[in-house]
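>>> With the sequence up front, the predicted model follows.
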Amino acid sequence: MRHVPERYSRQAIFHGIGLAGQEKIGQSRVAVIGVGALGTVIANNLARAGVGHIRLIDRDFVELSNLQRQTLFNEEDVRNNLPKAVAAVEHLKNVNSEIVLEAVTSDLNASNAEMLLADIDLVMDGTDNYETRFLLNDVCLKKNIPWIHGAVLGSYGLTTNIIPGKTSCYRCFMPEIPEMGTGGTCSSTGVLNMITGIISCYASTEALKILMDSPDIRKSAIFIDVWDNSFNSIELPINPDCPACNKKEYHYLDSRRNTYTTVLCGQNAVQIVPGQVRKMDFADVVERLSHLGEFQYNSFILRLKIGQVEITLFTDGRAIIKNIENENKAKALYTEYFGL
Ligand SMILES: [Zn+2]
């Protein structure tokens, strides 16, 4: 007779999972894209539930304003300037040392998405921006990988399962990226940690069902407001004219780019991603630019403050520049200090 591992005994005994379901969960590979308010809760749930291999992909580092809702992080992570993916893996290793946990500190983009998700069974959306979700939709359709969309703002959140060939895709109900400024952001509207927790827990539950190929996989999208106490469950129809799932036009995946910049959600910050991955030698950068001001660095990031402007450089050459007026100024500053 097969033995239920002690660690998972309370979960494997649950009627919807069972020993066979637990074994499937243990053999699964999940990528969490964005390790923030949603991603930390999802990663925590899935690591404890015994998902065998979890790849955490995030482009950012831990800051004080994250601690209100990004439940894997603490003040020491802020003091140590740790990238979110690295800090999350360090904490989760102490929770479950029997699974594989991978940290990828990178911007998921059209050049690396297929490679980073090639061996993955399920993708969890912990992102905070439309660009990455449209890209995820393309790559998951192309590679036939299910993904679970989640989004939260204020006291409101929604989540839906997107299973290629079975459900509507993201572009069936969101045909194009909305105009800039048409929606709020976490910094302009705020966000409650209760709704991020709730949406993440619904998404994590569906994750287990999808990994087990359960007959109970939810077919509807759910919309919840914890302040107004509203709950709606709506089946989103497949759009027969959808360019992505119907016509297989993967516009966001096919737009492979050179060096590009993005304004980060609600941070007054610009991210610069060089067209080619670079290998930055922080000691060399400090020596070359020591006249500019104060440097701090560890094995993952280098931080430089020049007046109000704060530059965070990652080892792959990516940079996040805070308190800068616009993307052009950020790119000019990057080119001046680090070359392109
Ligand atoms: Zn579609």
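Cool, got the structure. Numbering: from 1, shown residues only.
>>> Name the nearest residue to I163, sequence neighbours excluded.
P146 (4.4 Å; Cβ to Cβ, 6 or more residues apart in numbering). Backbone N, C-alpha and C define where each C-beta goes, glycine included.
>>> From what I see, the one you found and I120 are in contact.
No: taking contacts as Cβ atoms under 8 Å, P146 lies outside contact range of I120: 9.9 Å.
>>> Walking through the stretch 1-150 of the chain, point out its strands one by one.
All strands of the stretch 1-150 of the chain, identified by DSSP state E, counting those that start in this stretch, fall at 29-33, 53-58, 100-105, 122-125, 147-153.
>>> Packing partners of the first one?
Just to be clear, that refers to strand 29-33. Strand 29-33 sits against helix 37-49, strand 53-58, strand 122-125, with contacts defined as 3 or more Cβ pairs under 8 Å, 6 or more residues apart in numbering; DSSP states H and E.
>>> go on, the shortest one?
In terms of contacts (3+ Cβ pairs under 8 Å, 6+ apart), strand 122-125 is packed against strand 29-33, helix 37-49, helix 130-143, strand 147-153, helix 193-212.
>>> Out of these, flag the one nearest the ion.
Of all those, helix 130-143 sits nearest to the ion, with 7.7 Å by Cβ to the ion.
>>> So that closest one, near the ion or not?
No: Helix 130-143 lies apart from the ion when judged by Cβ under 5 Å from the ion; the minimum separation is 7.7 Å.
>>> Outline the domain layout of the chain.
By the assignment in automatic domain parsing, the chain contains the domains 6-253, 258-338.
>>> Comparing these, which comes out most buried?
Of all the domains of the chain, domain 6-253 carries the top mean neighbour count, a mean of 19, counting by mean count of other Cβ atoms under 10 Å.
>>> Any idea how far apart the tips of it sit?
Using Cα to Cα, to the nearest Å, one end of domain 6-253 lies 43 Å from the other.
>>> Next: stretch 82-102.
End-to-end span of stretch 82-102 (Cα to Cα): 15 Å.
>>> cool, stretch 30-43 as well?
End-to-end distance of stretch 30-43: 9 Å, with Cα to Cα as the criterion.
>>> and it, how far from the chain's centre?
5 Å (Cα atoms, centre = their mean, to the nearest Å).
>>> Would you mind listing where the stretch 51-200 of the chain has pLDDT under the threshold?
For the stretch 51-200 of the chain, the stretches flagged by pLDDT under 70 are 179-187.
>>> Name the residues of it found near the ion, please.
Neighbours of the ion within the stretch 51-200 of the chain, by Cβ under 5 Å from the ion: C169, R171, C172.
>>> Quick check: the second one vs L136, distance?
Taking Cβ to Cβ, to the nearest Å as the measure, R171 and L136 are separated by 11 Å.
>>> How about the contacts made by the nearest residue to I311 once chain neighbours are set aside?
In this structure, I311 finds its nearest non-sequential neighbour in L304, 4.6 Å apart by Cβ to Cβ, 6+ apart. Going by Cβ atoms under 8 Å, 6 or more residues apart in numbering, L304 touches L289, L292, G293, E294, F295, E310, I311, L313, Y337.
>>> Is the residue nearest to the second one when sequence neighbours are not counted bridged to anything, and to what?
The one in question is L292. In space, and not counting its chain neighbours, L292 is closest to I306: 5.8 Å by Cβ to Cβ, 6+ apart. Beta-bridge pairing for I306 (DSSP bridges): V309.
>>> I306 touches G293, doesn't it?
Yes: when contacts are counted by Cβ under 8 Å, I306 is listed as touching G293 (5.1 Å).
>>> Can you show me the strands along the stretch 201-340 of the chain?
221-225, 230-234, 260-264, 269-273, 294-297, 301-306, 309-314, 319-322.
>>> Check which strands are paired with the second one and give the direction for each one.
Just to be clear, that refers to strand 230-234. strand 221-225 (antiparallel).
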